[in-house]
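Asks: sharing a model that was predicted from the sequence below.
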Amino acid sequence: MKLPYPAIRQYIAGEWQEGRGEGCTAVLNPADESSLAQLRHVSTAQLDTALGAVRDTARLWRRTPPAERSAVLRRAAALLRERHEHVSRILVLEEGKPLHEARAEILVSADILDWYAEEGRRAYGRVIPGEYGSRLSVIPEPIGPVAAFTPWNFPATSSVRKLGGALAAGCPIILKPSEETPGTAVELFRALHDAGLPAGVANLVLGDPAAIAARLLAGPVIRKLSLTGSLAVGRTLAHLAADADIVTTMELGGNAPVLVFPDVDAGAVAEACAKAKFRNAGQVCNVPSRFFVHESQADAFAEAFAAIAAELRVGHGLSADVEMGPLANARRRDAVQEMVDEAVAQGARVLAGGTRPAGAGFFYAPTVLADVEEKHRVFSEEVFGPVAPITTFQDADEAVARANDTGYGLGSFVFTSSLDIATRVSEDLQAGMVGVNTTVLSRAETPFGGVKASGHGQESGSEGLDAYLVRKAVLQHRPLASNTTKGTV
């Protein structure tokens, strides 16, 4: 059976074109390590064409009525829904997650486009009371051309958050997704193209990340940088952006603590956390990551978690009944194995998993570790894999202090039946998002972003639109006459 994988092309100034750069990257299926496509890198000349396209369309797109911009995004969302089965299979082939997760990602991506389509029509300013005959206005305006960089773990939702926000606000955009998952991005741009987006307003470039970033951020065209990626990449791009006075929004990962208090059903909480933890093989930036369980619940919680992990069906994402797919690449699998082995050597106990299965593919067994300490890298660093490290605590103050003892601050989770604990702990946790008795931190209507090393700025919700707007104050007075100077200073 022929795999439903598209030809990988650049989309620049409204045209699909082969990359003309010197480099070439093989796109692999992480479930069997087979080659899906060869991606020819974008050339410097093509990047300059993309920069020229967003420069030349900036005035056109900002002057396009919000209702017309909204209609384009709505049509693109409708096309994604019509094509979601096809696009979902492409996502599975290049990223590895199970088909039901891929379907959910594509449908959520359509919802995000719809959200921005409506929110873009509500980019309100304000009029401030002033002197008679004067008008003091605050007017939201598009910030200008955007350069956006997205990762491989959620190639649809991470891209549409940036595409939807920028386009709804009136900003043209150049998107550089991961070269490991280009097929999903191609389908997103196909939907935008077929929805009638004017040529040049959105551009897709693929190739060497460092070379692309250096070219896009070096000149005067780009006015906004949006990145979802690693802390190391974020720091590099932040320097480039600072040199060019470019405004930034960055989501740079997390290591979310989970605080499980003694007044909960340990089995029910373990089940919810296991489903969240092993989603996308643990390759989720806001996934429950470090488990602090009250000592009275620790054994029951760990046993329930381990039992679920041991029974998970792992395999190719397109196979029936598969619950967890492979990791995205060999380097991720090997890094996870190294961290687990190191923790075990330092005293952690393996309750489930802890190994990679034999055969092809970048698979790693769902893993649960007990007796974990802060000194273990599997606890102190972002694992980005299917590993659940568990430790215990005695009281809330201790749990919060240890949970906050990290450079990251993206998401945090609290499970309790106490309104007082829920309120107090959610206020004390240093994170951009807190889930109380839920593992869901992301919705189209709510802001997504972190603090500390997890980045700055937010996507989704009204804050996600605001990230692509600037506020202009207009202080308007009556025409000057020879005997009046009011309003001139």
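Replies: Good, I have the coordinates.

Asks: what values do phi and psi take at residue 292?
Replies: Residue 292 adopts backbone torsions of phi -100, psi 110, taken as degrees, to the nearest 10.

Asks: so where's the stretch 1-150 of the chain shaky on pLDDT?
Replies: By pLDDT under 70, the weakly predicted segments of the stretch 1-150 of the chain are 1-3.

Asks: what ranges do the strands span in it?
Replies: Using DSSP state E, counting those that start in this stretch, the strands found in the stretch 1-150 of the chain span residues 10-12, 15-17, 24-28, 35-40, 126-128, 135-142, 146-149.

Asks: can you dump the C-alpha coordinates of the third one into PDB?
Replies: What that stands for is strand 24-28. Extracted C-alpha coordinates of strand 24-28, given in PDB (Å, rounded to 0.1, in the frame of the first residue of the first chain):
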ATOM      1  CA  CYS A  24      19.500  17.700   1.700                       C
ATOM      2  CA  THR A  25      17.800  16.000   4.700                       C
ATOM      3  CA  ALA A  26      16.200  12.500   4.800                       C
ATOM      4  CA  VAL A  27      12.700  12.500   6.400                       C
ATOM      5  CA  LEU A  28      12.400   9.200   8.400                       C
END
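
Asks: winner for burial among the strands of the stretch 1-150 of the chain?
Replies: Most buried of these, by mean neighbour count (mean count of other CB atoms under 10 Å): strand 146-149, with a mean of 28. For glycine as for every other residue, the C-beta is placed from the backbone atoms N, C-alpha and C.

Asks: what helices and strands are in contact with the very next helix or strand once past that one?
Replies: Toward the C-terminus, strand 146-149 is succeeded by helix 157-169 as the next helix or strand (DSSP states H and E). The elements that helix 157-169 packs onto, with contact taken as 3 or more CB pairs under 8 Å, 6 or more residues apart in numbering; DSSP states H and E, are helix 66-82, helix 99-119, strand 146-149, strand 173-176, helix 182-194, strand 224-228, helix 461-466.

Asks: give me the buried positions along stretch 183-202.
Replies: Of the residues in stretch 183-202, 183-193, 195, 197, 200-202 count as buried by neighbour count, 16 or more other CB atoms under 10 Å.

Asks: and which of those is nearest residue 52?
Replies: Checking the buried residues of stretch 183-202 against residue 52 by CB to CB gives residue 200 as the nearest, at 8.2 Å.

Asks: ramachandran coordinates for the closest one?
Replies: Here residue 200 shows phi and psi, under degrees, to the nearest 10, equal to phi 90, psi -10.

Asks: and the gap between the nearest residue to it once chain neighbours are set aside and residue 86?
Replies: Closest residue in space to residue 200, ignoring its immediate chain neighbours: residue 53 at 3.4 Å, by CB to CB, 6 or more residues apart in numbering. Applying CB to CB, to the nearest Å, the value for residue 53 to residue 86 is 28 Å.

Asks: for residue 21, same thing?
Replies: Distance, residue 21 to residue 86, by CB to CB: 28 Å.

Asks: more neighbours: which of the two?
Replies: A side-by-side neighbour count of residue 21 and residue 86, using other CB atoms under 10 Å, places residue 21 first with 20 against 12.

Asks: isn't that one right up against residue 41?
Replies: Yes: with contact defined as CB atoms under 8 Å, residue 21 reaches residue 41; the gap is 3.6 Å.

Asks: list residues touching both of the two?
Replies: 207, 208 (CB atoms under 8 Å, 6 or more residues apart in numbering).

Asks: give me the neighbour count for residue 209.
Replies: Residues contacting residue 209 under the criterion other CB under 10 Å number 16.

Asks: residue contacts, it?
Replies: If you count contacts by CB under 8 Å, 6+ apart, residue 209 has them with 149, 176, 179, 233.

Asks: what's the neighbour count on the third one?
Replies: Translated: residue 179. So residue 179, with other CB under 10 Å, has 19 neighbours.

Asks: and the second one, by the same measure?
Replies: Residues lying near residue 176 (other CB under 10 Å) number 25.

Asks: about what we covered before: dump the strands of the stretch 1-150 of the chain into CSV; add distance to residue 256 as well.
Replies: Formatted as CSV, those follow (distance: least, CB to CB, whole Å):
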stretch, distance to residue 256
strand 10-12, 35
strand 15-17, 39
strand 24-28, 29
strand 35-40, 32
strand 126-128, 36
strand 135-142, 33
strand 146-149, 22
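
Asks: relative to residue 404, which of these is closest?
Replies: Nearest to residue 404, of all these, is strand 146-149, at 28.7 Å by CB to CB.

Asks: run through who's touching the closest one.
Replies: Applying CB under 8 Å, 6+ apart, the set of residues contacting strand 146-149 from outside is 54, 159, 162-163, 166, 171-177, 209, 213, 216-217, 222-229, 233, 237, 246, 468.

Asks: show me how far it is from its chain's centre.
Replies: Centroid separation for strand 146-149 versus its chain: 13 Å, with CA atoms, centre = their mean, to the nearest Å.

Asks: okay, that strand in PDB with CA atoms only?
Replies: The C-alpha trace of strand 146-149 is given here as PDB (Å, rounded to 0.1, in the frame of the first residue of the first chain):
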ATOM      1  CA  VAL A 146       7.000  37.600  11.500                       C
ATOM      2  CA  ALA A 147       9.600  34.800  11.500                       C
ATOM      3  CA  ALA A 148       8.300  31.700  13.300                       C
ATOM      4  CA  PHE A 149      10.200  28.500  14.200                       C
END
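
Asks: okay, now the sheet partners of that strand, with direction.
Replies: strand 173-176 (parallel), strand 224-228 (parallel) (DSSP bridges).

Asks: any chance of a markdown table for those, columns distance to residue 322 and mean pLDDT?
Replies: Shown next, in a markdown table, are these (distance: least, CB to CB, whole Å; pLDDT from 0 to 100):
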| stretch | distance to residue 322 | mean pLDDT |
| --- | --- | --- |
| strand 173-176 | 30 | 98 |
| strand 224-228 | 26 | 98 |
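
Asks: need the ones you listed in CSV with distance to residue 416, can you?
Replies: Putting these into CSV (distance: least, CB to CB, whole Å) gives the following:
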stretch, distance to residue 416
strand 173-176, 41
strand 224-228, 31
